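Peer 1: Mind folding the following:
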Amino acid sequence: MTKPLIAALRRPAAPTFVFWSLTTLFGIWMIVQYRNQWYLIIDDWTMLGSRIEHLNQFGVDDFLLRRHNEHLMAGMTLWNVGLAEVFGLRSYTPWVVTVQMGNVFVAWIVYRFAQVLNVPRLLAAISAPLFMIWGPFTTISYWAPESIFVVCLALVMLNYWLATTGEPPLKREVIGAMFSALAIFIHSVCVAVIPVLVVVLLCRRRWRSSIITSIPILLYGLWFVTYQRLPASNRWTGTGSGDIYQERNLQIFFSFSWRTLARMVWWHSTPAAALAVTLMVAAGTVITWRRGGIQRTIVMSSLAAALVYMAGFAWSRGYVTMNIFKQDPPSRYAAVVALLLLPIALVPIGWAAAHLHATPDAFRHVTRGLGLSLLVVAILASVRMREDNDAAAIPYASQTRARILSLADDALLYSYDRDEFVFGDNSWMDLTIRDVIRFKERGWL
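Peer 2: As a prediction, this is how the structure comes out:
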């Protein structure tokens, strides 16, 4: 059994086979585990509730472009409403399947960037798919409003790849800018890191490329001075996290940042976890800096983008998260930063394997051993961390599903007050009896 496996891993195409096999396996795992356990919550109901109301009252442009909290989330709105229109709301399977498709793309971006940084292909092929199941990222694996954070960043990173590799033709530059525009359309938080790419292009005196890459930022600017000025789509405007009292200072920035780094590797933030991430990234930075060329550029860009994200998260949510909600940074923040830093953190592992064993055969043996050990440890750790998270989160989603389906099947539904909120005074669940009736009339329930 062991010999055929080792023989297969020696083939030149083995890393590619391993990557696609693991992404397929992990995707099926997440679908099977969460298709009946998770359901639509919080942000989903704003898009399916008050936004549908806006469609009837103000037209399709308001339905798509009115802000969600501070953000443009037109693509996420289409994602939710489109799936509901085709599959209805009784099953969560279509949502978790599409999330896996997005996460496979994210894993592929990690795989490609790790190879550019000279990470051994097999190690990259094993590490990148772990992004889909990694325990600390929790809801990234199955809930679309959080998974789009990393999907949108991956689209911007694809733009980076297209725009900075060699001297790309005009068509390639335009396609890259379109990927960034799509990312902003899905969830606009990713717009914050596109200027990093523009600066890289300006430093290379790539004037045409920098202008084309700036177009998505200009489009976002037009949205910001128009639809962003309107009240949020939520019926509970004034109680969103963006409207709560904030404090902003360096202490909050540093505290929130190290906790975000720590959440990349463990369910709870600890200084030891943050230190481990920092050391791995620092080692990878030193190694790639000495190599120079495109590797140095990618690493410096990734570090700059990670800093921009952490500063933005600390500015907009740091005080609220740590001081009011008394929580660690959420999984979506950790996953976004990890997407930028994971390829860098893998560099010293590959470097050590190459320098500890000079001969090619020994190097391949060490790489296989490291990769397989990482795979086993990561899967076991993810299973353990998911148990803790699911024990706390799944009952909430299950109760939400039960409430919606019981209302939909209630013979007295049409006799209830249509302006009554389905979940009572829970202002985060923006859904009324009128919305449930609308779902039934549209054939969604």
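
Peer 1: got the end-to-end distance for stretch 318-336?
Peer 2: End-to-end distance of stretch 318-336: 16 Å, with C-alpha to C-alpha, to the nearest Å as the criterion.

Peer 1: Which positions within it qualify as buried?
Peer 2: 318-322, 328-336 (16 or more other C-beta atoms under 10 Å). (Each C-beta comes from the backbone N, C-alpha and C, glycine too.)

Peer 1: and stretch 405-414, how far from the chain's centre?
Peer 2: Remark: stretch 405-414 is offset 35 Å from the chain centroid, using C-alpha atoms, centre = their mean, to the nearest Å.

Peer 1: what's next to it, contact-wise?
Peer 2: Applying C-beta atoms under 8 Å, 6 or more residues apart in numbering, the external contacts of stretch 405-414 come out as 90, 422, 433, 436-437, 439-440, 445.

Peer 1: quick one: the helices in the stretch 51-200 of the chain?
Peer 2: 60-65, 74-87, 93-116, 121-127, 144-164, 170-186, 194-203 (DSSP state H, counting those that start in this stretch).

Peer 1: any idea how far Asn234 is from Gly284?
Peer 2: Separation of Asn234 from Gly284 (C-beta to C-beta, to the nearest Å) stands at 41 Å.

Peer 1: The two: who's more crowded?
Peer 2: Gly284 (27 against 22; other C-beta atoms under 10 Å).

Peer 1: got the angle for whatever helix or strand the more buried one lives in vs helix 93-116?
Peer 2: Using DSSP states H and E, Gly284 sits in helix 271-291. Angle between the axes of helix 271-291 and helix 93-116 is 50 degrees (criterion: axes from the mean of the first three to the mean of the last three C-alpha atoms, to 10 degrees).

Peer 1: Make 4 the first number, not 1, from now on.
Peer 2: Sounds good: first residue 4 from here, last item helix 274-294.

Peer 1: Quick check: buried residues in the helix or strand following helix 274-294?
Peer 2: Later in the chain than helix 274-294, the nearest helix or strand by DSSP H and E is helix 296-316. Across helix 296-316, burial judged by 16+ other C-beta under 10 Å covers 298, 300-302, 304-309, 311-313, 315-316.

Peer 1: list the helices and strands whichever strand or helix holds Leu343 packs on?
Peer 2: Here Leu343, judged by DSSP H and E, is contained in helix 334-359. Under the contact criterion of 3 or more C-beta pairs under 8 Å, 6 or more residues apart in numbering; DSSP states H and E, helix 334-359 touches helix 96-119, helix 124-130, helix 147-167, helix 253-265, helix 274-294, helix 296-316, helix 363-411.

Peer 1: closest to Pro346 out of those?
Peer 2: helix 96-119 (4.2 Å; C-beta to C-beta).

Peer 1: ok so, going back, okay, the helix holding Gly287 in PDB with CA atoms only?
Peer 2: Taking Å, rounded to 0.1, in the frame of the first residue of the first chain, the C-alpha atoms of helix 274-294 are listed here in PDB:
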ATOM      1  CA  PRO A 274       0.600  35.400  22.100                       C
ATOM      2  CA  ALA A 275       2.500  32.100  21.400                       C
ATOM      3  CA  ALA A 276       0.400  31.500  18.200                       C
ATOM      4  CA  ALA A 277       1.000  35.100  17.100                       C
ATOM      5  CA  LEU A 278       4.700  34.800  17.700                       C
ATOM      6  CA  ALA A 279       4.900  31.500  15.700                       C
ATOM      7  CA  VAL A 280       3.200  33.100  12.700                       C
ATOM      8  CA  THR A 281       5.400  36.200  12.900                       C
ATOM      9  CA  LEU A 282       8.600  34.200  13.000                       C
ATOM     10  CA  MET A 283       7.600  32.000  10.000                       C
ATOM     11  CA  VAL A 284       6.600  35.000   8.000                       C
ATOM     12  CA  ALA A 285       9.700  36.900   9.000                       C
ATOM     13  CA  ALA A 286      11.900  34.000   7.900                       C
ATOM     14  CA  GLY A 287      10.100  33.700   4.600                       C
ATOM     15  CA  THR A 288      10.500  37.400   4.100                       C
ATOM     16  CA  VAL A 289      14.300  37.300   4.700                       C
ATOM     17  CA  ILE A 290      14.700  34.400   2.400                       C
ATOM     18  CA  THR A 291      12.800  35.900  -0.500                       C
ATOM     19  CA  TRP A 292      14.400  39.300   0.000                       C
ATOM     20  CA  ARG A 293      17.800  37.700  -0.600                       C
ATOM     21  CA  ARG A 294      16.500  36.000  -3.700                       C
END
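
Peer 1: ranking the helices and strands packed on helix 334-359 by mean pLDDT, which is last?
Peer 2: Among the helices and strands packed on helix 334-359, helix 363-411 carries the lowest mean pLDDT, at a mean of 84.

Peer 1: Could you tell me the angle between that one and helix 334-359?
Peer 2: Using the same axes, to 10 degrees: helix 363-411 against helix 334-359 is 170 degrees.

Peer 1: now what about the helix or strand following helix 363-411, what contacts it?
Peer 2: Using DSSP H and E, the helix or strand that follows helix 363-411 towards the C-terminus is helix 436-444. When contacts are defined by C-beta under 8 Å, 6+ apart, helix 436-444 is touched by residues 48, 51-53, 55-56, 87, 92, 407, 410-411, 416-417, 419-423, 425, 448.

Peer 1: and those residues, which are buried?
Peer 2: Buried among the contacts of helix 436-444 by 16+ other C-beta under 10 Å: 48, 51-53, 55-56, 87, 92, 407, 410-411, 416, 419, 425, 448.

Peer 1: Which two of these have the greatest separation?
Peer 2: Spatial extent of the buried ones among the contacts of helix 436-444 (C-beta to C-beta) is set by the pair Ala87 and Tyr419 at 21.6 Å.

Peer 1: give me every residue that touches the residue most central in space within the chain.
Peer 2: Residue closest to the average C-alpha location in the chain (C-alpha atoms, centre = their mean): Val153, at 2.3 Å. Contacts for Val153 (C-beta under 8 Å, 6+ apart) come out as 106, 109, 134, 143, 335, 338-339, 342.

Peer 1: how about the helices and strands packed on helix 334-359 in CSV, adding distance to Met432?
Peer 2: CSV is the format used below for these (distance: least, C-beta to C-beta, whole Å):
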stretch, distance to Met432
helix 96-119, 17
helix 124-130, 37
helix 147-167, 13
helix 253-265, 27
helix 274-294, 33
helix 296-316, 24
helix 363-411, 8
